[in-house]
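**Student:** coords below, sequence missing:
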């Protein structure tokens with residue numbers, strides 16, 4: 001399992017470390033990282049065929065809603081950069097919306113996955129995020 005994880009993060013590192021125009025390729029890189037994340041989670045969960053068929057569409061829907069909330073949060077943060085009080089209130093608002101989303105999908109995921117696999121899902125997401133951050137911090141600076 002360790003060689004597979006190492007391989008996945010080498011791919012992430014190479015994707016993030018290229019000297020390609022960020023504006024042009026950020027969407028492509030995000031999709032590539034998302035695909036790697038899905039592969040990583042899939043490997044950690046060992047889903048049955050039935051679980052996989054029910055889980056992945058639900059997970060993709062969750063990711064889309066979560067990404068939408070983060071995009072709105074960033075947009076509001078930029079729009080309110082001159083008004084710190086409004087920016088703080090908006091941050092709290094979006095954090096509460098994200099928590100509501102997580103609770104909603106925790107129930108939905110619990111209907112298609114056993115508790116042990118649900119626990120592994122959340123751990124795999126944390127591990128992936130931590131490793132991605134570590135890889136990004138350790139990459140050489142771009143010219």
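**Tutor:** That came in fine, so what should we check first? The structure displayed is predicted, hence computed values, not measured ones.
**Student:** surely residue 73 meets residue 94?
**Tutor:** Yes: using CB atoms under 8 Å, residue 73 is in contact with residue 94, at 4.0 Å. To be clear about C-beta, it is placed using only N, CA and C from the backbone, and glycine gets the same treatment.
**Student:** where along this structure do the strands fall?
**Tutor:** With DSSP state E as the criterion, the chain has no strands.
**Student:** Okay, now the unreliable bits of it?
**Tutor:** 1-25, 143 (pLDDT under 70).
**Student:** Outline the domain layout of it.
**Tutor:** 1-46+122-143, 48-112 (automatic domain parsing).
**Student:** separation between residue 133 and residue 70?
**Tutor:** Computed as CB to CB, to the nearest Å, the residue 133 to residue 70 distance reads 16 Å.
**Student:** next one: residue 35
**Tutor:** 19 Å.
**Student:** Same question for residue 88.
**Tutor:** Per CB to CB, residue 88 is found 17 Å from residue 70.
**Student:** just residue 86 next, same as before
**Tutor:** Residue 86 is 18 Å from residue 70, by CB to CB.
**Student:** Ok, residue 43 next?
**Tutor:** 25 Å.
**Student:** what does residue 29 give?
**Tutor:** 16 Å.
**Student:** Compare the two (neighbour count), which wins?
**Tutor:** residue 29 (15 against 12; other CB atoms under 10 Å).
**Student:** quick one: the helices in the chain?
**Tutor:** 2-16, 22-45, 49-79, 84-112, 115-138 (DSSP state H).
**Student:** Of all the residues in the longest one, which ones are buried?
**Tutor:** Right, the one you point to is helix 49-79. Neighbour-count burial for helix 49-79 flags 54, 55, 59, 62, 69, 73, 76 (criterion: 16 or more other CB atoms under 10 Å).
**Student:** now the angle from that helix to helix 84-112?
**Tutor:** 180 degrees (axes from the mean of the first three to the mean of the last three CA atoms, to 10 degrees).
**Student:** Does anything pack onto helix 49-79? Which helices or strands?
**Tutor:** Counting contacts by 3 or more CB pairs under 8 Å, 6 or more residues apart in numbering; DSSP states H and E, helix 49-79 packs against helix 22-45, helix 84-112.
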